[in-house]
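**Q** Starting from these lines, generate the structure:
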Amino acid sequence: MVEEVREVFCKGILSRSGIGSVDYSINPYTGCSHGCAYCYARFMLRYAKTRQPWGKFVHVKINAPTVLMKEIKGNMSGTVLLSSVCDPYQELERKYEITRKILQVISKHNNFKVDILTKSDLIVRDLDIIKKIKNVEVGFSISHFDEEFRRIFEPGAPSIEKRFHALETLNRNDVDTYVFVAPVIPLITDRDMESILENAERCNVRYLFFDTLNIKCGNWKPIIAAMEKYEPEILPRFIEVMEKPERYYSQFKGRVLDMCNNLNCSFTF
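**A** Modelled structure (predicted):
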């Protein structure tokens, strides 16, 4: 549960990005109420000016839509990601509608390709605006198919069932979608992969992206603590795998390739 909610004013909101093919990122919030144990964005704590731990604070950039209107100039173009270090549809978005207002601004400047990445079915609320954006896709982060895992590792995030239901709704409304299988958690994601792929195909998801588990951003202790609660008997093997994960991920990629060949979906690892 979030202990600190603070309304703040930002000086800028459209940030240059070094993520792959992404040109800009927009983060309407600092902090995230999902509180995922494995989250790589914990480094944002150093900028947050809070004593609360990650997952216990959210700072709302209440002037972000107005700032964005000033930052978008002329024929600016490129790929914009919402979001890179927060979930743009975390629970406080239900009240503040910052992401919704940002999308309204972007919808008037159709030179941008918009990539929305979330764990929340709240995004369906904004279908009316999303459908006005000429070039848009929506991704859902799904790395498991176990509600007990979600309760421990992603305590503030919506259920996997709600995420797939939202994907289904988006596809019915002709919005391009993908599943972001990230992070791939050794010994956990493996056993749920078939269910993830089958549900992705059922929802007519176009493709899947995979990303490995990053343990170099202050998240190792929270991961270990969560694993001890979730399935302590596999913890020694998990630690062993993560000491030299390259071999594991290579084998995992091969298994995913075999599974995807039997289904109507493509993937990028």
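**Q** mind listing the helices for the stretch 101-250 of the chain?
**A** Assigned by DSSP state H, counting those that start in this stretch, the helices in the stretch 101-250 of the chain fall at 127-130, 147-153, 160-172, 189-202, 220-230, 235-243, 246-261.
**Q** can you list those in a markdown table and add distance to residue 110 and mean pLDDT?
**A** Where you see a C-beta, it was placed from the backbone N, CA and C, and this is true even at glycine. Below are the helices of the stretch 101-250 of the chain laid out as a markdown table (distance: least, CB to CB, whole Å; pLDDT from 0 to 100):
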| stretch | distance to residue 110 | mean pLDDT |
| --- | --- | --- |
| helix 127-130 | 12 | 98 |
| helix 147-153 | 36 | 98 |
| helix 160-172 | 19 | 98 |
| helix 189-202 | 28 | 94 |
| helix 220-230 | 40 | 98 |
| helix 235-243 | 43 | 98 |
| helix 246-261 | 33 | 91 |
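**Q** Looking at those, which one is packed in the most?
**A** helix 160-172 (a mean of 19; mean count of other CB atoms under 10 Å).
**Q** Return the angle between stretch directions for that one and helix 189-202.
**A** 30 degrees (axes from the mean of the first three to the mean of the last three CA atoms, to 10 degrees).
**Q** one step back: distance to residue 214 added to the helices of the stretch 101-250 of the chain, as a markdown table?
**A** Formatted as a markdown table, these follow (distance: least, CB to CB, whole Å):
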| stretch | distance to residue 214 |
| --- | --- |
| helix 127-130 | 29 |
| helix 147-153 | 15 |
| helix 160-172 | 21 |
| helix 189-202 | 14 |
| helix 220-230 | 10 |
| helix 235-243 | 11 |
| helix 246-261 | 12 |
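**Q** out of these, nearest to residue 141?
**A** helix 160-172 (8.1 Å; CB to CB).
**Q** Determine the set of other helices and strands touching the closest one.
**A** helix 127-130, strand 135-141, strand 176-184, helix 189-202 (3 or more CB pairs under 8 Å, 6 or more residues apart in numbering; DSSP states H and E).
**Q** Show me what the shortest one is packed up against.
**A** Helix 127-130 makes packing contacts with helix 98-106, helix 160-172 when contacts are defined by 3+ CB pairs under 8 Å, 6+ apart.
**Q** Let me see the contact set for residue 196.
**A** 142, 144-145, 179, 181, 189 (CB atoms under 8 Å, 6 or more residues apart in numbering).
**Q** which one among these gets closest to residue 171?
**A** residue 179 (11.6 Å).
**Q** Thought residue 210 was touching that closest one, still the case?
**A** No. Between residue 179 and residue 210 there is no contact under CB atoms under 8 Å: 9.4 Å.
**Q** if you count what's nearby, which of those two comes out ahead?
**A** residue 179 (26 against 20; other CB atoms under 10 Å).
**Q** who's in contact with that one?
**A** 139-140, 142, 167, 196, 200, 205, 208-209.
**Q** The same query, at a cut-off of 6 Å, please.
**A** 140, 142, 200, 205, 208 (CB atoms under 6 Å, 6 or more residues apart in numbering).
**Q** and the last one, how far is that from residue 153?
**A** If I follow you right, that is residue 208. 20 Å (CB to CB, to the nearest Å).
**Q** The fourth one too?
**A** Computed with CB to CB, the distance linking residue 205 and residue 153 is 22 Å.
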